[in-house]
Every structure is written in structure tokens, then in C-alpha cells.
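>>> kindly generate the corresponding structure for this input.
(one chain, ligands or ions: 1)
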Amino acid sequence: MEKLDARGAVFTEKAYAKVNLTLEVLGARADGYHDLRMLLQTVSLADDIEIHYTYDGRTRVESNLTYLPSDRRNHAVAAARTFFAHTGLTDPGMIIRLEKRIPVCAGLGGGSSDAAAVFRLLNRNYGYPLSWTDLETISAEVGSDVPFCIRGGTQLVEGRGEKLTKLSPLQDGLFVLCKPPYAVSTASVFQLISGSHLARRPDHTGAVRAIAEGNLSELAKRLYNVMEDFVPVGRHDMALVRGELMDGGALGVAMSGSGPTVIGLFDRKDLALSAQRTLSKSFQDTFLAVPVSGIEL
Ligand code: C5P
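The predicted model follows:
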């Protein structure tokens, strides 16, 4: 379907945040990236994506966060460019409207998820020229976390972020997500961790087993992110958030991605709500979220 007559129509897609249940850095690669192993989970905190076709050949972003780049530096625009480059279709020009709720530079994969939503939306609009696997493959050009975000859910992610193993979904539990007011550069955390001795490594296998068995407390014991000791800013606040979450009844806590967001896993909604209320008095970016299942084939 080369032609898309969608003048005036608005197409929408949800872009969900992800949290790291585990994260391990295995070592530096020749291409400047690092080999990783991590267990990622999609959660219900989400941005809303809208596409308005303009037919002026100019694809750009508009957002409630006015400081976000509107051009290719925004992963959403990079995703559109990558989609048209790989399909050979003509980019008609569009406004990608991002209603951002996922905090940026937070370790929650917001930009990657926006990009993945643009890939899904364009692929749907053009009659599915690419398979899910194709989308996962080409989306790695936009960013390391984008392949996971294409189908989301519960996945073991390896390599640079492109080796995906879909797992049985996490069915229960609630997450409180709390981001202290710092922006962390992912590249800087990788630099600090590179070559360092890691005192402890996550038990990915045990965490996967706990999810399969629906055992939240066994999963909670295994929430662990090796990057937590290497985040250059906000360590005091992150410790404070950890303490509040544990005191508030979280079964386990961990930092997500390269931080600074700290997540707490709860099995009781009343406790999760109360922890969210308490933390939001000190930290504006505090959210309650539940696990979201991935897109099935
Ligand atoms: O791929 P993405 O642009 O999201 O990565 C941001 C930065 O994080 C990269 O420039 C790189 O420094 C670092 N990174 C890495 N190894 C990965 C993913 C990211 O070193 N697997």
C-alpha cells in the first residue's frame, strides 16, 4: 500500500514504560557498546502517541514537553525515518504528537517506547509490510532498548539489546516508580562501570523461575541492577526512596535502567498506594503501575 489517504485522520498508539527487574553488564564490545543481560517488564505508565499525516514531506514531533527535540534527535522521528528507509515507502510527512507521562532520562525507556509505538503504528497503517521480527531487527538502529519495546511484556534481553527471549508474563504485583529529580546520562554510567569489578551479579534464572511460578516474594528477592553502585548523581535521594519503599511494605526494590528511578514491587494495593502518596510529597515523579503483557503472535 504505497498510498495512504489519511488526511485529517488521527492514529493513536500507547507507548508503555519498562522497568528492569534485573540488569547485568557482561563486558565491553568492539563496537563501543556493552553486552548486557537483563530482565525487562512493561508497566502501565504510558505516553500517548498520535500521528497526523500532513503530506508536506516533513516529519516532526510536537509534545507537551516543549524542550524535547522535534527532529531526528527524537527517537520517534528516527523510528519513522528508519521505517520508510527499510520498506522503501515514501514518507508522506507527519506530525508525531507525544503526550509524555513517562519521565525522560529516567531509566524507564520512555524515548525507546515512543519509537517502538511509531514503528507499530506505521506498520499497521501501511498494511503490515514488516513482520514483528523485522520491526525488532530494524528498530535496533534507533536505540538499544527499542527492540524490547516493540512487543514488550516480560522478556530476557541480551547482547546490545537485540537478543530477545519472550517469557511467561508477570501476572500480579504492583510497582511504585519514583524518580528523584536528576537526569542520568546512560553513556556515563556505562563508562563508569566498564572494567569495574562487580561484587554481586543478578540471579536472572531464579527471577525467571519466580515469575513462571507466580511467586512475587521470590522475584522481589532477586530484583537487582549492577548499575546502581555507579550512578554519578542522586545517590542520597535514591537511598531515601529505597528506604521509604521498604518501610512502606515493598517486597523488594531496585533501580531501573541507568537510573535514577527506583522501583518497589508490592503485592498489596493499599500499601503500594500509600507508599506512592508518601513519596509523591517529596518527589513529583512518583507513579503507581501494574505489569502489562506483551503483544502475542
Ligand atoms: O543505544 P542507546 O542510544 O540507547 O545507548 C545509549 C548509550 O548507552 C550508548 O551510546 C552507549 O554508550 C551505552 N550503551 C552501551 N551498551 C548497550 C546499550 C547502551 O554501552 N548495550
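>>> for Leu108, give me phi and psi.
Main-chain dihedrals, Leu108, degrees, to the nearest 10: phi -110, psi 10.
>>> and it, how close does it get to Glu218?
Note on Leu108: its distance to Glu218, by CB to CB, to the nearest Å, is 24 Å. C-beta coordinates here come from the backbone N, C-alpha and C atoms, glycine included.
>>> quick one: which of the two has more around it?
Taking neighbours as other CB atoms under 10 Å, Leu108 and Glu218 compare with Leu108 leading, 29 against 17.
>>> my guess is Ile211 contacts Leu167. True?
Yes - if you go by CB atoms under 8 Å, Ile211 and Leu167 touch, sitting 6.5 Å apart.
>>> which of those two has more residues huddled nearby?
Between Ile211 and Leu167, Ile211 has the larger neighbour count (other CB under 10 Å), namely 25 against 18.
>>> helix or strand: which one has that one?
Take DSSP states H and E as the rule and Ile211 turns out to sit in helix 204-212.
>>> so which bits of that helix are buried?
By neighbour count with 16 or more other CB atoms under 10 Å, helix 204-212 contains the buried residues His204, Ala207, Val208, Ala210, Ile211.
>>> next one: stretch 168-182
Going by 16+ other CB under 10 Å, stretch 168-182 has these buried residues: Pro169, Leu170, Gly173, Leu174, Phe175, Val176, Leu177, Cys178, Lys179, Pro180, Tyr182.
>>> what's across from the fourth one in the sheet?
What it means is Leu174. With DSSP bridges as the criterion, Leu174 is bridged to Phe266.
>>> find the residue closest to Gly249 in space, skipping its chain neighbours.
Excluding the flanking residues, the one nearest Gly249 by CB to CB, 6 or more residues apart in numbering is Leu271, at 3.7 Å.
>>> run a quick neighbour tally on Ser217.
With other CB under 10 Å as criterion, Ser217 counts 11.
>>> what residues are up against it?
Leu251, Gly252, Asp267 (CB atoms under 8 Å, 6 or more residues apart in numbering).
>>> what about the closest residue to Gly143 other than its chain neighbours, which SS state?
What sits nearest to Gly143 in space, not counting adjacent residues and going by CB to CB, 6+ apart, is Ser112, at 5.1 Å. Secondary structure, DSSP: H, G, I helix; E, B strand; the rest coil: Ser112 is helix.
>>> going forward, begin numbering at 455 instead of 1
With 455 as the first residue, the last one maps to Ser566.
>>> which residues touch Ser566?
Residues near Ser566 by CB under 8 Å, 6+ apart: Lys472, His529, Val596, Gly597, Ser598, Asp599, Val600, Phe602, Cys603.
>>> look up how far the ligand lies from the fourth one.
Counting by CB to the nearest ligand atom, to the nearest Å, the separation of Gly597 from the ligand is 4 Å.
>>> looking at this, that residue is in a strand?
No - counting by three-state DSSP, one finds Gly597 to be coil, located in no strand.
>>> so it makes contact with Ala569?
Yes - between Gly597 and Ala569 a contact is recorded at 6.5 Å, counting by CB under 8 Å.
>>> which positions in the protein make contact with the ligand?
Tyr487, His488, Leu490, Gly597, Ser598, Asp599, Arg614, Gly615, Thr640, Ala641, Phe644 (CB under 6 Å from any ligand atom).
>>> by mean pLDDT, which helix or strand of the chain comes out lowest?
Least confident element among the helices and strands of the chain, by mean pLDDT, DSSP states H and E: helix 640-647 (a mean of 92).
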